[in-house]
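Student: This is a predicted model, with the sequence first.
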Amino acid sequence: MKKIKLENWVSGCIFAIFLTISNTWSAQDEKTAPGFVWKDGAEIYAKICAYCHEAQVGPQIRHRELPAAYIRAVVRTGNRAMPAFRASEIDDESLVKLADFISKKETQH
Amino acid sequence: MTNKYIALPKGVSAENFDAAIRAFRKVLGDASVLTSAEQLAPYIKTMMPVPDADHTPSAALLATTVEQIQKIVAICNQYKVPVWMISTGKNLGYGSAAPAERGQVVLDLKRMNRILEVDKDLAFALVEPGVTYQQLYDYIKEHKLGLWLSMPAPSAIAGPVGNTLDRGVGYTPYGEHFLFACGMEVVLANGEILRTGMGSMPNSNTWQVFKWGYGPYLDGIFTQSNYGIVTKFGFWLMPEPPAFKPFVIQYQHEEDIVEIVETIRPLRISGVIPNAVVIAHALYEAPVKAKRSDYVSGPGSIPDEAVYRIMKDHKLGIWNVYAALYGTQEQIDVNWKIVTQAFGQSGKAKILTEQEAADDPAFAYRAKLMRGDMTLTEFSLYNWRGGGGSMWFAPVSQARGSETLKQMALTKQILAKYGLDYSGEFIVGMRDMHHIVDVLYDKTDPEQTKAAYQCFDELLTEFSARGYGTYRVNTAFMDKVAETYGPVQRNVHKTLKKALDPNGIIAPGKSGIR
């Protein structure tokens, strides 16, 4: 039997079982495992942007040397039909990496 | 102090709101309490034809733990500050990440993004609200679990929790998502944590495998509602079938849809076709292949003559029926014979499979949706009129051919009155049929925006007068739709609200409930 679990989820559950004295759950079984974080700009581009911008839904944006500040602004506010992306989705640090990835010249990759 | 915030919650003084914000900051830290115009800009953009100011939040809270949410609701109760929950915030065409009412605080759960469990044997998942379909898709691939997702068209950037809680749908046999939900964790307005179904029982390991628990089934009251904040969500996944056969059946005349639905219904009810069948009008599929401006210019809706030229130029039917078969090759062979015999009887159907249509971009993205692969190609719809305006009109009817033509005629008539196109499809469920119309307009054009609002209002009025209920709607029209379901249901919803959230701090206005 192959079961995939986060390590801390298992320990958290066991912890919760010992703590639970009634059928009311407490937040004490909350896991401490970190959530998902982006690796780099290329990953964000592939997992979000490319679905439109490499699929003839949105315009081509790579290798056009678009200013990084412009890219960051469009991501945060959207542009016409393009949805806006919040800091909770693409954090500020990752957005800098994404803008850098998009705006670099082709030869720089 | 009033200038310190870009909006304030209704009935809350600037002083009290300031105190609430200070309390939120103590719980979450300064960086996770957003109040500036720049920080809140992504929460304001919607596709609805109403002023952004109507849906501008006062703040956004980026919570990461259940304990934080318990503390947040305590502060909200103390200061009577309402929160509007979002998960991935990509309910595009239904309100996006903006709150229902100006001044509500967005409780943004995107950073609660842990995949807590995926069980290969029992084929279920337990996730937090911020998990996207892409994240779960990658996790399943990485761990070679052999499970398929079902997701709506915004797949990669949307997520299972928000979509299912809004009773959204997908395109695989598990496409009626709430049918496959199994167990929720909910923070109630009083701070208590409820685990629904078997989750309430200590030591139980059946939370994600048995939906009903004991006593009244509660999960339903936490969908399309504002009775609690869902922080964990369980659902079933489909085992990857040994074989998969997507197909499209094209028809050339609008009136053929009567025959199409009559042919599909018995195949759906008997399970020969296990997924929701999409009957897409040429104008729903056209944006993947064609530009509107190549066929028509100026104001007004697109004439039929142009639609027929698009069909001819881009190898589309006026109706394009998408469905798939799943199972072993032997099962598929048997069912394919049944399908081709049923559709072949009248001689009107042109049946295409991957063999003939794999390179067709419309077929390719539909096939991806039907096997739970990531694609955002349906966003091509937004290029049709341009300008970022979109509202989904979604009335429900019986799955009968006789329901189709009159609905389409009425929809086209109302859209044409306001100069808008019919970008519609019918989706045949297990016994029902959703008529899904993307009311597309140019939001940068004030006249068209005004027309779109009036058009949508009239669609709701006329359809409800004929007994067609809307299953889901954007945040600007929630009260109107709630009204169409009558005073008794509305009163029951209100009674539950008073009992579970007496201070009205959780998403007031959601589905018209306050």
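Tutor: Received the coordinates, thanks.

Student: any chance you could map the strands in chain A?
Tutor: Residue ranges of the strands in chain A, as given by DSSP state E, are A:3-5.

Student: for the stretch 101-250 of chain B, same thing?
Tutor: Taking DSSP state E, counting those that start in this stretch as the criterion, the stretch 101-250 of chain B carries its strands at B:105-108, B:115-119, B:124-127, B:147-148, B:181-187, B:193-195, B:229-236, B:238-239, B:243-251.

Student: Which pLDDT value belongs to the closest residue to residue B:307 other than its chain neighbours?
Tutor: Counting by Cβ to Cβ, 6 or more residues apart in numbering or on different chains, residue B:307 lies nearest to residue B:282, which is 5.7 Å off, once chain neighbours are set aside. C-betas here are computed from N, CA, C, even on glycine. At residue B:282, the model reports a pLDDT of 98.

Student: Could you do residue A:34 as well?
Tutor: 71.

Student: Report the contact partners of it.
Tutor: Shown in contact with residue A:34 (Cβ atoms under 8 Å, 6 or more residues apart in numbering or on different chains): residue B:114.

Student: what about it, distance to residue B:20?
Tutor: As defined by Cβ to Cβ, to the nearest Å, residue A:34 lies at a distance of 28 Å from residue B:20.

Student: Likewise for residue B:140?
Tutor: In terms of Cβ to Cβ, residue B:140 sits 40 Å off from residue B:20.

Student: One more: residue B:381?
Tutor: Residue B:381 is 40 Å from residue B:20, where distance means Cβ to Cβ.

Student: okay, the strands of the stretch 101-250 of chain B, which one's buried deepest?
Tutor: Comparing the strands of the stretch 101-250 of chain B by mean neighbour count (mean count of other Cβ atoms under 10 Å in any protein chain shown), strand B:105-108 comes out on top with a mean of 28.

Student: what sits up against that strand?
Tutor: Contacts of strand B:105-108 (Cβ under 8 Å, 6+ apart): A:86, A:88, B:9, B:24, B:43, B:57-63, B:69, B:72, B:76, B:81-86, B:89, B:97-99, B:229.

Student: hmm, try it at 6 Å
Tutor: When contacts are defined by Cβ atoms under 6 Å, 6 or more residues apart in numbering or on different chains, strand B:105-108 is touched by residues A:88, B:43, B:57-62, B:81, B:83-86, B:99.

Student: So which of these are in strands?
Tutor: Those of these lying in strands (DSSP E): B:59-62, B:83-86.

Student: ok, and the most crowded of those residues?
Tutor: residue B:83 (29 neighbours; other Cβ atoms under 10 Å in any protein chain shown).

Student: what are the bridge partners for the residue nearest to that residue when sequence neighbours are not counted, then?
Tutor: Distances taken as Cβ to Cβ, 6+ apart put residue B:107 closest to residue B:83, at 4.2 Å, once the chain neighbours are dropped. Assessed by DSSP bridges, residue B:107 has beta-bridge partners residue B:61, residue B:85.

Student: can I see the domain layout of chain A?
Tutor: A:1-35, A:41-108 (automatic domain parsing).

Student: lowest-confidence stretch among these?
Tutor: Minimum mean pLDDT among those: domain A:1-35, a mean of 45.

Student: Tell me how chain B divides into domains.
Tutor: With automatic domain parsing as the reference, chain B has domains B:2-111, B:115-239, B:243-465, B:477-514.

Student: Identify the residue nearest residue B:430 in space, chain neighbours excluded?
Tutor: residue B:268 (6.2 Å).

Student: burial of the one you found, as a residue count?
Tutor: Residue B:268: 22 neighbours (other Cβ under 10 Å).

Student: secondary structure element for it?
Tutor: helix B:257-269 (DSSP states H and E).

Student: The next helix-or-strand element following that helix versus strand B:243-251: what angle between them?
Tutor: Downstream of helix B:257-269, the next assigned helix or strand under DSSP H and E is strand B:277-281. On the basis of axes from the mean of the first three to the mean of the last three Cα atoms, to 10 degrees, strand B:277-281 is oriented at 30 degrees to strand B:243-251.

Student: What is strand B:277-281 packed up against?
Tutor: Contact analysis of strand B:277-281 by 3 or more Cβ pairs under 6 Å, 6 or more residues apart in numbering or on different chains; DSSP states H and E lists strand B:319-327, strand B:424-428 as its packing neighbours.

Student: List the contacts of that strand.
Tutor: B:260, B:264, B:319-323, B:424-428.

Student: Chain A contacts on chain B?
Tutor: Residues of chain B found near chain A (Cβ under 6 Å from any Cβ of the partner chain) are B:41-42, B:45, B:62, B:65-67, B:70, B:92, B:108, B:110-111, B:113-114, B:116-121, B:134-135, B:143, B:156, B:193, B:195, B:200, B:202, B:376-377, B:379-380, B:382, B:387-388.

Student: Quick one, which of those are buried?
Tutor: For the residues of chain B next to chain A, a burial check counting by 16 or more other Cβ atoms under 10 Å in any protein chain shown picks out B:41-42, B:45, B:62, B:65-67, B:70, B:92, B:108, B:110-111, B:113-114, B:116-120, B:134-135, B:156, B:193, B:195, B:200, B:376-377, B:379-380, B:382, B:387-388.

Student: Just the ones of the residues you listed in helices?
Tutor: Those of these mapping onto helices are B:41-42, B:66-67, B:70, B:134-135, B:382, per DSSP state H.

Student: returning to that earlier point: for the contacts of strand B:105-108, could you give me CSV that also reports distance to residue B:311?
Tutor: CSV is the format used below for these (distance: Cβ to Cβ, whole Å):
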residue, distance to residue B:311
A:88, 43
B:43, 40
B:57, 44
B:58, 49
B:59, 49
B:60, 45
B:61, 49
B:62, 48
B:81, 53
B:83, 48
B:84, 43
B:85, 43
B:86, 39
B:99, 42
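
Student: Next, give me the two most distant ones among these.
Tutor: With Cβ to Cβ as the measure, no two of the contacts of strand B:105-108 lie farther apart than A:88 and B:81, at 19.4 Å.

Student: Excluding chain neighbours, what is closest to residue B:508?
Tutor: Computed as Cβ to Cβ, 6+ apart, the closest residue to residue B:508 that is not its neighbour in sequence is residue B:514, at 4.8 Å.

Student: Tell me where the model's unsure across chain B.
Tutor: B:1-2 (pLDDT under 70).

Student: For the nearest residue to residue A:80 once chain neighbours are set aside, give its distance to residue B:236.
Tutor: Take residue A:80 and drop its neighbours on the chain: the residue closest to it by Cβ to Cβ, 6+ apart is residue B:388, 4.3 Å away. Per Cβ to Cβ, residue B:388 is found 35 Å from residue B:236.

Student: burial measure for residue B:209, as a count.
Tutor: By other Cβ under 10 Å, 17 other residues sit near residue B:209.

Student: again, but for residue B:338
Tutor: Residue B:338 has 15 nearby residues by other Cβ under 10 Å.

Student: swap in residue B:179?
Tutor: Residue neighbour count, defined by other Cβ under 10 Å, stands at 16 for residue B:179.

Student: who touches it in this structure?
Tutor: Per Cβ under 6 Å, 6+ apart, neighbours of residue B:179: none.
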